[in-house]
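Chemist: I'll drop the sequence and a predicted model, then ask my questions.
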Amino acid sequence: MNVNQISRTRPILIATLLAAVMVAMPVAQTTSVEPRIVHVSSTAPEGNVQLSRLVADVRKQADAFVFLSGGASRMRVDQQRQLMAMFEALSLVTKAGQRIAVGDGGTRAGIMEAAGLARHASGGAFPLVGVAPAAEIPPRGKTPIDTNHSHIVAVDNPAAPTHDTWGSETSTMYWLFAALANDRPSVTIVANGGGITLSEVAANVQAGRRMILIEGSGRAADALVSLLKGTTPSPGEVRDLRERADKERLTRRKDLFKTVQLQAGATGLRDAILMTIGATK
């Protein structure tokens with residue numbers, strides 16, 4: 001979802017960490033099915049028949065929605081491992097009897113891949129919809145999609161710069177998320193991330209959607225936590241992101257934010273999700 005996270009992820013390290021997470025997850029019988037791909041223009045997503053069918057289909061399967069924002073880059077190895085493992089919470093929520101659908105950036109990197117692994121290990125217990133710029137994913141781009149997603153929405157934005165279209169899908173992504181979650185509970189989990197993540201946080205604030213910040217995951221998430229707590233981080237990226245978040249008044253609705261410590265693990269995140277969507281364990 002965040003171009004910095006995607007472009008700087010070290011493939012061998014992430015593959016090793018995600019393999020460890022997958023081993024830790026419960027094994028379930030799964031089928032290998034490629035995601036359903038829907039191509040859409042950012043200029044008129046509401047007129048796309050395939051996208052309308054996707055929304056109707058997913059809403060039949062879910063009573064609440066969980067959206068992901070951020071990444072897992074520039075973290076210590078142990079912290080990355082903790083963050084990846086937290087997303088087993090998605091399958092734990094379904095085991096608690098909740099019918100959820102999940103939305104994210106759809107690529108094979110960071111927390112998006114972790115969400116895919118959680119869906120795979122759960123036997124496809126929840127729809128997982130990824131939204132990415134069409135120019136950056138195959139067949140036109142080089143960033144691989146995560147094949148454990150149920151759907152991928154490939155967005156063409158004619159106003160995007162030709163050399164870098166990451167972030168050009170954000171408005172369509174949040175139009176789609178609003179359509180999916182209309183009149184139903186929803187929450188966004190914010191972990192790590194950079195400038196694009198802050199833009200997504202702004203979209204969530206505009207929508208009045210509650211967010212769970214993973215404290216200790218670094219970068220944008222920790223910048224927002226710092227702003228909420230009134231602390232001053234050391235000079236560097238977190239401070240720079242904090243200054244931008246402050247300038248844009250992203251925490252003006254403090255009631256929308258809840259923090260969960262990185263050390264809380266999958267069960268801690270599960271409990272926060274269930275509490276936020278109004279469910280119980």
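Modeler: That came through, no problem. Residues are numbered from 1 along each chain as shown.
Chemist: for the spatially closest residue to Asp104 that is not a sequence neighbour, which three-state class applies?
Modeler: Leaving aside its chain neighbours, Asp104 sits nearest to Leu68 (3.9 Å; criterion: C-beta to C-beta, 6 or more residues apart in numbering). Heads up, the C-betas are built off the backbone N, CA and C, glycines and all. Here Leu68 is recorded as strand under DSSP: H, G, I helix; E, B strand; the rest coil.
Chemist: model confidence for Leu68, exactly?
Modeler: Listed pLDDT for Leu68 reads 98.
Chemist: gap between it and Leu269?
Modeler: According to C-beta to C-beta, to the nearest Å, Leu68 and Leu269 sit 11 Å apart.
Chemist: same question, Met86
Modeler: In terms of C-beta to C-beta, Met86 sits 5 Å off from Leu269.
Chemist: also Thr276?
Modeler: Counting by C-beta to C-beta, the gap from Thr276 to Leu269 is 10 Å.
Chemist: need the residues touching each of those two.
Modeler: Overlap of the contact sets of Thr276 and Leu269 (by C-beta atoms under 8 Å, 6 or more residues apart in numbering) consists of Ile212.
Chemist: what's the helix or strand harbouring Gln80 packed up against?
Modeler: Per DSSP states H and E, Gln80 falls inside helix 77-86. Helix 77-86 sits against helix 11-24, helix 110-121, helix 265-276, with contacts defined as 3 or more C-beta pairs under 8 Å, 6 or more residues apart in numbering; DSSP states H and E.
Chemist: surely Gly105 and Pro133 touch.
Modeler: No: at 9.5 Å, Gly105 does not count as touching Pro133 under the criterion of C-beta atoms under 8 Å.
Chemist: who's more crowded, the two?
Modeler: Gly105 (34 against 26; other C-beta atoms under 10 Å).
Chemist: look at the more buried one and report its pLDDT.
Modeler: At Gly105, pLDDT is 97.
Chemist: identify the contacts common to Met86 and Leu269.
Modeler: Both Met86 and Leu269 are contacted by Ile214, under the criterion C-beta under 8 Å, 6+ apart.
Chemist: just give me the neighbour total for Asp255.
Modeler: Asp255 has 7 neighbouring residues, counting by other C-beta under 10 Å.
Chemist: show me what contacts Ile100?
Modeler: Neighbouring residues of Ile100 by C-beta under 8 Å, 6+ apart: Ala62, Asp63, Ala64, Phe65, Val66, Leu90, Val93, Thr94, Phe126, Ile277.
Chemist: cool, and Pro144?
Modeler: Thr107, Arg108, Ile137, Pro138.
Chemist: ok, and the most crowded of those?
Modeler: Neighbour counts for the contacts of Pro144, by other C-beta under 10 Å, peak at Thr107, which reaches 27 neighbours.
Chemist: and Ile152, which of the three is it?
Modeler: Here Ile152 is strand, with the state taken from three-state DSSP.
Chemist: Arg249 and Ala202: what is the separation?
Modeler: Remark: distance between Arg249 and Ala202 (C-beta to C-beta) = 9 Å.
Chemist: higher neighbour count, the two?
Modeler: Higher neighbour count among Arg249 and Ala202: Ala202, with 16 against 11, using other C-beta under 10 Å.
Chemist: mind listing what's buried in the helix or strand in which that one is found?
Modeler: Applying DSSP H and E as the criterion places Ala202 in helix 195-207. Across helix 195-207, burial judged by 16 or more other C-beta atoms under 10 Å covers Gly195, Ile196, Thr197, Leu198, Ser199, Glu200, Val201, Ala202, Ala203, Asn204, Val205.
Chemist: try stretch 137-152
Modeler: Under the neighbour-count criterion of 16+ other C-beta under 10 Å, stretch 137-152 has Ile137, Gly141, Thr143, Ile145, Asp146, Asn148, His149, Ser150, His151, Ile152 buried.
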